[in-house]
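> sequence and predicted structure are below.
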Amino acid sequence: MISVVIIGSGNVAKHLIKAFLKIENVNLKQVYTRNLEDEALLKSSVSTTSDLSLIKEADVTIIAVSDDAIANISYNLKNAFVVHTSGSVEMKALKNQKNKGVFYLLQSFSKEKEINFSTIPICLEAENKSDLAKLEKLASLLQGNIYHLSSLQRKKIHVAAVFVNNFTNHMYTIAYNICEEHNVPFDILEPLIEETSQKIKNLTPKEAQTGPAKRNDIETIKNHLNLLSKSQQELYLKITQSIQNHGKEL
Ligand SMILES: NC(=O)c1ccc[n+]([C@@H]2O[C@H](COP(=O)([O-])OP(=O)(O)OC[C@H]3O[C@@H](n4cnc5c(N)ncnc54)[C@H](OP(=O)(O)O)[C@@H]3O)[C@@H](O)[C@H]2O)c1
């Protein structure tokens, strides 16, 4: 049995709470939330507090709050082993006096969307072997795929994740707006979106690249630019140049 306390009640915290409550060998002792009226927490059986001085001791105390609040919150914790869940914050940003670590789930979490933890890479970091073993146990109880990354490696991977997830999703937003503007359902692009993500299971991204930028079809590129707003043109040109340069220096 491993005991856990969670600090926070946002996206990541909620998914972790739900998952831990289902695992027999995890004792979720307490959740810290600023909002004791939170409906999902009220419905669950978990004990809550909004007072950091009343946090219980646990094998692992997980801070799952906004990146900017991690340092301040950790400063107030006396628990033996405190970790955060951020991809871009260094382990040493934790200001608790005792042991520190990181439990970073490399996935995009939204409140409304169920998460299958067995497909998630869980990136671990700790100051010593026995703490790392606690995180490995927790990650394996969640059935995640364990990776040991240093703070620097995790920060680099987080940037890569911003490219594949956040930026890709923003491209979907632009495409969605173009579809809407011209009364074509966005569904028409779904098979293409599926194929794009499936293809890189067998090809490198460079091998999978197609399109006017890759072929250097100047006329098509000019025609596309004429169909776009000024800000879309700037983005289109930057990405076209980047594709032609294989993602290296522009
Ligand atoms: N979302 C993702 O896809 C994802 C994936 C991997 C890692 N992460 C990391 O996980 C952490 C949590 O992200 P999230 O997406 O769950 O964030 P979120 O949904 O925005 O929730 C943030 C939580 O932090 C609390 N909080 C913010 N400032 C606070 C403060 N000053 N004092 C106390 N509590 C404070 C919020 O409380 P209130 O509700 O009271 O405002 C809320 O419970 C971040 O470090 C993030 O980088 C996120």
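Happy to help now that I have it.

> pLDDT at the nearest residue to L52 once chain neighbours are set aside, what is it?
For L52, ignoring the flanking residues on the chain, the nearest one in space by CB to CB, 6 or more residues apart in numbering is N76 at 4.6 Å. For every residue, glycine as well, the C-beta is placed using N, CA and C. The confidence metric pLDDT takes the value 92 at N76.

> again, but for S66
Looking at S66, the pLDDT reads 97.

> number of residues surrounding the residue nearest to L52?
Burial of N76, expressed as a neighbour count using other CB atoms under 10 Å, amounts to 12.

> so it touches L54, yeah?
No. Proximity of N76 to L54 does not meet the contact threshold set by CB atoms under 8 Å, at 11.1 Å.

> tell me the contacts of the residue in the chain positioned nearest to the ligand?
Proximity to the ligand, evaluated over the chain using CB to the nearest ligand atom, is greatest for G10 at 1.8 Å. Counting by CB atoms under 8 Å, 6 or more residues apart in numbering, G10 touches 64-66.

> and the ligand, which of the residues you listed contact it?
With respect to the ligand, and counting by CB under 6 Å from any ligand atom, the subset of these in contact is 64-66.

> buried residues, the least confident helix or strand in the chain by mean pLDDT. List them.
When each helix and strand of the chain is scored by mean pLDDT, DSSP states H and E, helix 39-43 comes last, with a mean of 87. Neighbour-count burial for helix 39-43 flags L41 (criterion: 16 or more other CB atoms under 10 Å).

> next SSE downstream of it?
The element immediately downstream of helix 39-43 (helix or strand, assigned by DSSP states H and E) is strand 48-49.

> ok, that following strand: who's next to it in the sheet?
Strand 48-49 sits in its sheet next to strand 26-32 (parallel), going by DSSP bridges.

> and the contacts of the partner strand?
Strand 26-32 is contacted by residues 1-9, 13, 17, 20-21, 41, 46-50, 52, 55-56, 58, 138, 141 when judged by CB under 8 Å, 6+ apart.

> in this protein, which spans are helices?
Under the criterion DSSP state H, the chain carries helices at the ranges 11-22, 39-43, 70-75, 129-141, 151-161, 168-181, 190-199, 205-208, 212-215, 218-226, 230-244.

> mean pLDDT lowest for which of those helices?
Sorting these by mean pLDDT places helix 39-43 lowest, at a mean of 87.

> packing partners for it?
On a contact count with 3 or more CB pairs under 8 Å, 6 or more residues apart in numbering; DSSP states H and E, helix 39-43 meets no helix or strand.

> alpha carbons of it, as PDB, please.
The C-alpha atoms that make up helix 39-43 are tabulated as PDB, following Å, rounded to 0.1, in the frame of the first residue of the first chain:
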ATOM      1  CA  GLU A  39     -18.900  19.300  -7.000                       C
ATOM      2  CA  ALA A  40     -16.700  16.400  -8.100                       C
ATOM      3  CA  LEU A  41     -14.800  16.400  -4.800                       C
ATOM      4  CA  LEU A  42     -18.000  16.600  -2.800                       C
ATOM      5  CA  LYS A  43     -19.300  13.600  -4.700                       C
END
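
> near the ligand at all, it?
No. Legend: contact between helix 39-43 and the ligand by CB under 6 Å from any ligand atom is lacking; minimum distance shown is 10.3 Å.
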